[in-house]
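Student: Okay, here's the prediction I keep looking at, along with the sequence it came from:
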Amino acid sequence: MAVKRQGGGAFGGRVRTAALVTGVAMAGLAVTAPALASGGESRSEPGAGAPSVRRVTCDLGDLAFTPGAPCQGKSEIAAVVHYPDGPGAQGLARGRHPLIVMQHGQWATCADRGAQNALTKAQKALALAEKAGDRAEEARQLKIIEKMSDRLWAWPCKAGVSPLPSSSGYDYLARSLARQGFVVVSMGANATSGGQADSVYQARAALINKHLDLWRQLDAGKGPLKGKVKDPRTGRAVGAAFAGHLDMGRVGTLGHSMGGGGVMQQVPDLRHGDWPAGVRIKAAVGLAPTATWENEPVTKVPLAVLWGTCDQVNTGEYAKWNRKKNQAPLHGITLTGGNHNYFNTQWSPSSGQVAGADDAIPASSADGVSRRTAATSSTGGSTRRPSAGSPRAIPSPSSAGTSWATPRRTHS
């Protein structure tokens with residue numbers, strides 16, 4: 001797999017798969033590396049004696065949030081949360097921790113196995129009917145396909161059918177970041193997956209801002225999330241562990257596919273006024289992000305964009321659009337053999353999940369493990385500097401033979 005850095009400076013060559021983008025894609029988050037609280041406590045970089053990680057969830061309901069005009073409909077407020085473990089049964093590692101929020105892309109919303117099986121059967125029957133020239137049978141199978149697709153993409157899901165947990169598809173990445181000291185919130189965005197409406201990116205950006213505001217309130221020991229962040233194994237609330245331990249002035253946002261489009265709608269220069277009070281975005285990352293309608297420039301927040309050469313959705317246009325405008329670091333990373341779906345483990349066929357698919361063009365792309373290795377490397381590696389002798393060491397830009405993008409300075 002190869003990596004190219006865009007935005008100024010030299011282009012990097014090939015590096016080992018495991019170390020590929022590990023130290024470069026999310027360079028912006030290097031400035032948000034967690035530091036222990038002051039007041040007698042040392043300020044150390046994350047990664048040294050990396051803590052164990054806890055996984056909790058929160059769910060305020062399938063229709064808990066109304067994005068507002070011009071968006072239509074309501075969205076869920078639900079998330080999977082990973083954080084570095086600390087003392088006590090519900091502890092969070094000491095200090096104030098930067099927050100990273102993630103948003104998944106557009107995908108099937110309901111894990112309806114019956115609908116998936118019927119859909120697959122109808123698709124095969126449709127192919128046979130088309131080959132035979134049987135128009136009546138084609139029409140019959142198309143109706144079945146439409147009906148089953150509606151079940152898979154419904155919101156809320158019908159009784160007895162669980163939501164498809166796309167927000168859990170980045171657990172591998174969230175664990176890696178939490179070990180480095182970040183609190184990582186991967187939000188559900190199934191309600192926004194119902195169609196490519198004109199306002200879908202505004203709705204996704206509004207959902208990001210809503211989650212940021214809820215976590216800002218929880219840090220203050222109040223708000224709707226209080227008592228709602230729970231250990232899924234025991235059902236016990238753990239929200240109190242976060243009060244006073246989040247650094248909302250050092251926040252990172254990450255989105256995949258249309259979730260990347262949501263990030264790119266939320267982070268542009270013109271949208272900073274929509275951020276909740278006291279929240280500051282210090283880095284943004286798009287994993288194969290789809291293009292928003294406005295294509296608004298992102299010049300003031302460090303930005304990294306990662307895309308694959310077998311991706312039929314994204315071609316890294318964000319890096320190109322912002323290349324000569326950036327006042328903050330800008331990084332474009334090409335993953336040779338990378339497709340679109342495999343960054344999310346729930347979307348990969350190997351998961352056994354409903355609707356899993358290999359969408360690569362051509363289909364012989366890098367496997368899901370390689371893809372997720374690259375994503376983990378890209379987003380987390382540059383937050384710390386392991387020793388060169390470590391078997392899991394992540395090369396810094398200099399040791400990887402690449403160079404940081406140089407911000408373009410402008411003067412008013």
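Tutor: Cool, the structure landed.

Student: what is the mean pLDDT for the host helix or strand of His82?
Tutor: Assigned by DSSP states H and E, His82 falls within strand 75-84. Mean pLDDT, strand 75-84: 96.

Student: could you give the angle of the helix or strand just after it to strand 75-84?
Tutor: As assigned by DSSP H and E, the chain's next helix or strand after strand 75-84 is strand 97-103. Orientation check (axes from the mean of the first three to the mean of the last three C-alpha atoms, to 10 degrees): strand 97-103 against strand 75-84 gives 140 degrees.

Student: List the pairing partners of strand 97-103 within its sheet, with orientation.
Tutor: Strand 97-103 has the following strand partners under DSSP bridges: strand 183-187 (parallel), strand 246-256 (parallel).

Student: Check the offset of the helix or strand immediately after the first one in the chain from the chain's centre.
Tutor: Translated: strand 183-187. Next in sequence after strand 183-187, counting helices and strands by DSSP H and E, comes helix 200-219. In terms of C-alpha atoms, centre = their mean, to the nearest Å, the centre of helix 200-219 is set 14 Å apart from its chain centre.

Student: ok, now stretch 262-276?
Tutor: Taking C-alpha atoms, centre = their mean, one finds the center of stretch 262-276 at 16 Å from the center of the full chain.

Student: just the helices in the stretch 251-400 of the chain please.
Tutor: For the stretch 251-400 of the chain, applying DSSP state H, counting those that start in this stretch gives helices covering 258-266, 317-322, 368-380, 397-400.

Student: ranking the ones you listed by mean pLDDT, which is last?
Tutor: Sorting those by mean pLDDT places helix 397-400 lowest, at a mean of 26.

Student: all strands of the protein, in order?
Tutor: 53-65, 75-84, 97-103, 183-187, 229-230, 246-256, 281-287, 303-308, 330-335 (DSSP state E).

Student: Report the angle between the fourth one and helix 200-219.
Tutor: What that stands for is strand 183-187. Comparing the axes of strand 183-187 and helix 200-219 via the same axes, to 10 degrees yields an angle of 140 degrees.

Student: just how off-centre is strand 183-187 within its chain?
Tutor: The answer for strand 183-187 is 9 Å, by C-alpha atoms, centre = their mean.

Student: how about the strands paired with strand 97-103 in CSV, adding mean pLDDT?
Tutor: Shown next, in CSV, are these (pLDDT from 0 to 100):
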stretch, mean pLDDT
strand 183-187, 96
strand 246-256, 94
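
Student: closest to Ala127 out of those strands?
Tutor: strand 246-256 (30.2 Å; C-beta to C-beta). C-beta: built from backbone N, CA, C; applies to glycine.

Student: List the buried residues for that closest one?
Tutor: Neighbour-count burial for strand 246-256 flags 246-248, 250-256 (criterion: 16 or more other C-beta atoms under 10 Å).

Student: For Leu218, state which of the residues you listed is nearest.
Tutor: The closest of the buried residues of strand 246-256 to Leu218 turns out to be Leu246 (C-beta to C-beta; 7.5 Å).

Student: partner residues bridging that closest one?
Tutor: Taking DSSP bridges as the rule, Leu246 bridges to His97.

Student: Is it correct that it is in contact with Val101?
Tutor: No. In terms of C-beta atoms under 8 Å, Leu246 does not count as a neighbour of Val101; the distance is 11.4 Å.

Student: Which positions are bridged to Val251 in the beta structure?
Tutor: Beta-bridge partners of Val251, counted by DSSP bridges, are Leu99, Ile281.

Student: quick one: it and Val279 touch, right?
Tutor: Yes. With contact defined as C-beta under 8 Å, Val251 counts as touching Val279 (5.9 Å).

Student: Now for the two: what residues contact both?
Tutor: Common contacts of Val251 and Val279 (C-beta atoms under 8 Å, 6 or more residues apart in numbering): Leu212.

Student: Tell me where the stretch 251-400 of the chain is predicted with low confidence.
Tutor: 315, 359-400 (pLDDT under 70).

Student: a markdown table for the strands of the chain, including distance to Lys121?
Tutor: Shown next, in a markdown table, are the strands of the chain (distance: least, C-beta to C-beta, whole Å):
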| stretch | distance to Lys121 |
| --- | --- |
| strand 53-65 | 29 |
| strand 75-84 | 30 |
| strand 97-103 | 33 |
| strand 183-187 | 33 |
| strand 229-230 | 39 |
| strand 246-256 | 30 |
| strand 281-287 | 33 |
| strand 303-308 | 31 |
| strand 330-335 | 34 |
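
Student: that older thread, can you redo the strands paired with strand 97-103 as JSON lines with distance to Arg54?
Tutor: Converted to JSON lines, those look like this (distance: least, C-beta to C-beta, whole Å):
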{"stretch": "strand 183-187", "distance to Arg54": "10"}
{"stretch": "strand 246-256", "distance to Arg54": "15"}
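
Student: Between those strands, which one is closest to Arg175.
Tutor: Going by C-beta to C-beta, the one of the strands paired with strand 97-103 nearest Arg175 is strand 183-187, 8.3 Å.
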